[in-house]
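Visitor: Kindly return the folded structure for what I paste below:
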Amino acid sequence: MSGPLSGVRVVELAGLAPGPFGCMMLADLGADVVRVDRPGGAGADRLDGLTTGPLQRSRRAIALDLKSPSGVDGLLSLVEQADVLVEGFRPGVAERLGVGPQPCRDRNPRLIYARLTGWGQDGPLAGTAGHDISYLAAAGALEPLGHDGEPPRPPLNLIADFGGGGMLLAVGVLAALYERERSGRGQVVDAAMVNGSALLTAGLRGMIDAGMWAAPPGRNLLDGGAPFYQTYRTADDGFIAVGALEPVFYRDLLIGLGLAGEDLPPQYDPSGWPELRRRFAARFRDRTRDAWTEAFAGLDACVTPVLTPAEAPGHPQTSFVTVGDETQPAPAPLFSRTPAVSPRPAPTESVPLDTVLADWKSG
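Guide: Now for the predicted structure:
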């Protein structure tokens, strides 16, 4: 194994998207991640599409029945040799199973016990169900995604599940591992997706405080209100993304559109935005997406073709890898001395617990 986390051992109690994403990041960076599945094989009782592929890559899987004493003993034997345990149960479930922070850290005081929940461990909603859209709504991150009086649309499940959940969990684990180097002691890391979603609105709240976000959703600078931060339909029913915020980029936008020198409303006068949007939309409708991409080549206008997920790996600036027969996002970020590992396919069957224990004892 290579990577900056080479030698770090992670026990992952199998779950859905955010926990596996955080553990995928740790595995990409070189950690030895062992996923603990329920009996019945990898992916038992979980959603298709989340049990294979990128979210599950680069780890081994074992099967343990945590409702049985032998399963709990097996997990605790792993914990004795692990650096990190990741669980995504509702509050109190791990404790009822006998694998909560206390029994785990009794076995291994250096253990980082990482918890990922939607609502956190406490509070009136802590024990209730939720999904990405639920946490965005409560954190004030969903309402700004509306447009001109229409209901807000969730941006897939990218914000709470992955940004405010799995990635926040990984950051917490890394911070706790660093602190352990000085104290010699583990601790509990508690990552709640509702809090992570709120954290991701820090920039938005700064704009609100500065009076830069006062209009209804869909009429502000970064929510599709500004015609120079917007997407436009092209002649072939493709789309072009425009992000020409700064005047120097806006100048190149007008050059690329053939509108330089024409009588247009000032860039930052909202009263003129409907007219600018109309003019820009009409121009972009004149050519295909790829023709506009070629027209803006060499201009600093922040104009980019809107690619489908199938097209994205073909872009010269993106980074994807082939894992088995799948195209997957490449590990990130890049490191100069300790590059991330080459991803391995998701496990399709369990390995014996004794195999992992023997590997870890010998390592």
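Visitor: Beyond the longest helix belonging to the chain, next helix or strand please.
Guide: Secondary structure assigned by DSSP state H gives helix 168-183 as the longest helix of the chain. Downstream of helix 168-183, the next assigned helix or strand under DSSP states H and E is strand 187-192.
Visitor: partners of that following strand, with directions?
Guide: strand 112-117 (parallel) (DSSP bridges).
Visitor: mean confidence score for the strand it pairs with?
Guide: Averaging pLDDT along strand 112-117 yields 98.
Visitor: ok, now how distant is the closest residue to residue 117 other than its chain neighbours from residue 123?
Guide: Spatial nearest neighbour of residue 117, excluding adjacent residues (CB to CB, 6 or more residues apart in numbering): residue 192 at 5.4 Å. Every C-beta, even on glycine, is put in place using the N, C-alpha and C of the backbone. Distance of residue 192 to residue 123, computed by CB to CB, to the nearest Å: 9 Å.
Visitor: so where is this structure shaky, pLDDT-wise?
Guide: Residue ranges of the chain with pLDDT under 70: 1, 41-51.
Visitor: before we move on, back to that, so for the longest helix of the chain, what gets flagged as buried?
Guide: 168-170, 172-174, 176-177, 180 (16 or more other CB atoms under 10 Å).
Visitor: what's near enough to touch residue 255?
Guide: By CB atoms under 8 Å, 6 or more residues apart in numbering, the contact set of residue 255 is 299, 301.
Visitor: Which SSE is immediately downstream of the helix or strand hosting it?
Guide: For residue 255, the element it lies in under DSSP H and E is helix 247-257. Counting by DSSP H and E, the element after helix 247-257 in chain order, helix or strand, is helix 273-284.
Visitor: Helix 247-257 and that next one, what's the angle between them?
Guide: Inter-element angle recorded for helix 273-284 and helix 247-257: 40 degrees (by axes from the mean of the first three to the mean of the last three CA atoms, to 10 degrees).
Visitor: And the strands in the stretch 1-150 of the chain, which stretches?
Guide: Counting by DSSP state E, counting those that start in this stretch, the stretch 1-150 of the chain has these strands, from start to end: 9-13, 32-37, 59-63, 84-87, 112-117.
Visitor: Can you give the contact residues for the fourth one?
Guide: Strand 84-87 is touched from outside by 8-13, 15, 19, 22-23, 26, 31, 79, 94, 99, 104, 111-116, 169, 173, 177, with contacts defined as CB under 8 Å, 6+ apart.
Visitor: again, only using 7 Å
Guide: 8, 10-13, 19, 22-23, 79, 94, 104, 111-116, 169, 173 (CB atoms under 7 Å, 6 or more residues apart in numbering).
Visitor: Show me where this structure has its helices.
Guide: For the chain, helices defined by DSSP H occupy the ranges 18-28, 69-79, 93-97, 101-107, 132-139, 168-183, 193-199, 202-209, 247-257, 273-284, 289-295, 353-362.
Visitor: most tightly surrounded among these?
Guide: helix 18-28 (a mean of 27; mean count of other CB atoms under 10 Å).
Visitor: packing partners for that one?
Guide: strand 9-13, strand 32-37, strand 84-87, strand 112-117, helix 168-183 (3 or more CB pairs under 7 Å, 6 or more residues apart in numbering; DSSP states H and E).
Visitor: Throw those into CSV and include distance to residue 313, thanks.
Guide: As requested, the helices and strands packed on helix 18-28 are exported to CSV (distance: least, CB to CB, whole Å):
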stretch, distance to residue 313
strand 9-13, 27
strand 32-37, 25
strand 84-87, 29
strand 112-117, 29
helix 168-183, 24
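Visitor: So the residue of the chain most remote from its centre versus residue 239, what's the distance?
Guide: Centroid-distance maximum for the chain: residue 263 at 43.0 Å, with CA atoms, centre = their mean. Distance from residue 263 to residue 239, counting by CB to CB: 27 Å.
Visitor: about what we covered before: now the longest helix of the chain: how far from the chain's centre is it?
Guide: Computed by CA atoms, centre = their mean, to the nearest Å, the chain-centroid distance of helix 168-183 equals 19 Å.
Visitor: Residue 192 and residue 123: which has the busier surroundings?
Guide: Set residue 192 next to residue 123 and count neighbours by other CB atoms under 10 Å: residue 192 wins out with 24 against 12.
Visitor: Looks like the more buried one contacts residue 120 (just checking).
Guide: Yes - taking contacts as CB atoms under 7 Å, residue 192 lies within contact range of residue 120: 3.7 Å.
Visitor: Quickly list what's touching both of those two.
Guide: By CB under 7 Å, 6+ apart, no residue touches both residue 192 and residue 120.
Visitor: Residue 191 is in contact with residue 168, correct?
Guide: Yes - between residue 168 and residue 191 there is a contact at 4.8 Å, judged by CB under 7 Å.
Visitor: okay, how far is it across stretch 322-336, tip to tip?
Guide: 22 Å (CA to CA, to the nearest Å).
Visitor: List the buried residues for that stretch?
Guide: Residues 323, 328-331 are the ones in stretch 322-336 that count as buried (16+ other CB under 10 Å).
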